[in-house]
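Asker: sequence and predicted structure below; questions after.
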Amino acid sequence: MTDSDTNGVRVMVIDDSSTIRRSAEIFLVQAGYQVILAQDGFDALAKINDHQPSLIFCDILMPRLDGYQTCALIKKSPKFHRTPVVMLSSKDGLFDRARGRMVGSDEYLTKPFTKDSLLKTVKNHVEKRLTSIN
């Protein structure tokens with residue numbers, strides 16, 4: 001994957017932790033991605049239409065609208081149902097993974113994530129998208 005492959009790739013990070021949002025933003029911007037940050041599900045839903053992210057990372061435990069509800073709403077949208085959603089959680093439980101799949105999540109990443117695991121996840125989804133386009 002070349003730098004030109006990262007151009008135009010917008011990654012949304014939805015997390016109520018400013019530390020997680022900031023870490024993800026630093027890792028992603030350094031790798032050449034555009035980043036949209038949201039502090040909860042409502043904030044994300046307000047921004048998603050304007051920014052049309054290529055990939056969404058969504059924390060599970062958030063106030064007001066949790067990650068499962070947020071993911072389900074994104075996946076129900078005709079415009080965004082094909083946008084990959086990666087659930088973020090500090091718990092690496094089978095139940096959380098299964099529940100994430102039930103609401104349409106494409107993958108699961110355990111927090112705290114490393115720079116490598118975050119970028120590998122983005123790269124995999126970008127490559128999948130490029131392969132399905134060609």
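Answerer: Nice, I can see it.
Asker: identify the spatial nearest neighbour of Y68, chain neighbours not counted.
Answerer: Of all residues not flanking Y68 in the chain, V103 sits nearest, at 4.9 Å (C-beta to C-beta, 6 or more residues apart in numbering). The way it works is simple: take the backbone N, C-alpha and C, and place the C-beta from them, glycine included.
Asker: quick one: contacts for N49?
Answerer: Neighbour list for N49: K79 [criterion: C-beta atoms under 8 Å, 6 or more residues apart in numbering].
Asker: give me the pLDDT for the closest residue to L65 other than its chain neighbours.
Answerer: Leaving aside its chain neighbours, L65 sits nearest to G41 (3.0 Å; criterion: C-beta to C-beta, 6+ apart). Per-residue confidence (pLDDT) for G41: 96.
Asker: so what's G41 up against?
Answerer: 14, 58, 62, 64-67, 69-70, 73.
Asker: from these, pick the one nearest A98.
Answerer: G67 (14.0 Å; C-beta to C-beta).
Asker: tell me the secondary structure of the residue nearest to L118 when sequence neighbours are not counted, please.
Answerer: What sits nearest to L118 in space, not counting adjacent residues and going by C-beta to C-beta, 6+ apart, is F27, at 5.3 Å. Here F27 is recorded as helix under DSSP: H, G, I helix; E, B strand; the rest coil.
Asker: how many neighbours does F27 have?
Answerer: By other C-beta atoms under 10 Å, the residues close to F27 number 21.
Asker: which stretches of the chain form strands?
Answerer: 10-14, 34-38, 55-59, 85-89, 107-110 (DSSP state E).
Asker: so where's this protein uncertain?
Answerer: 1-5, 133-134 (pLDDT under 70).
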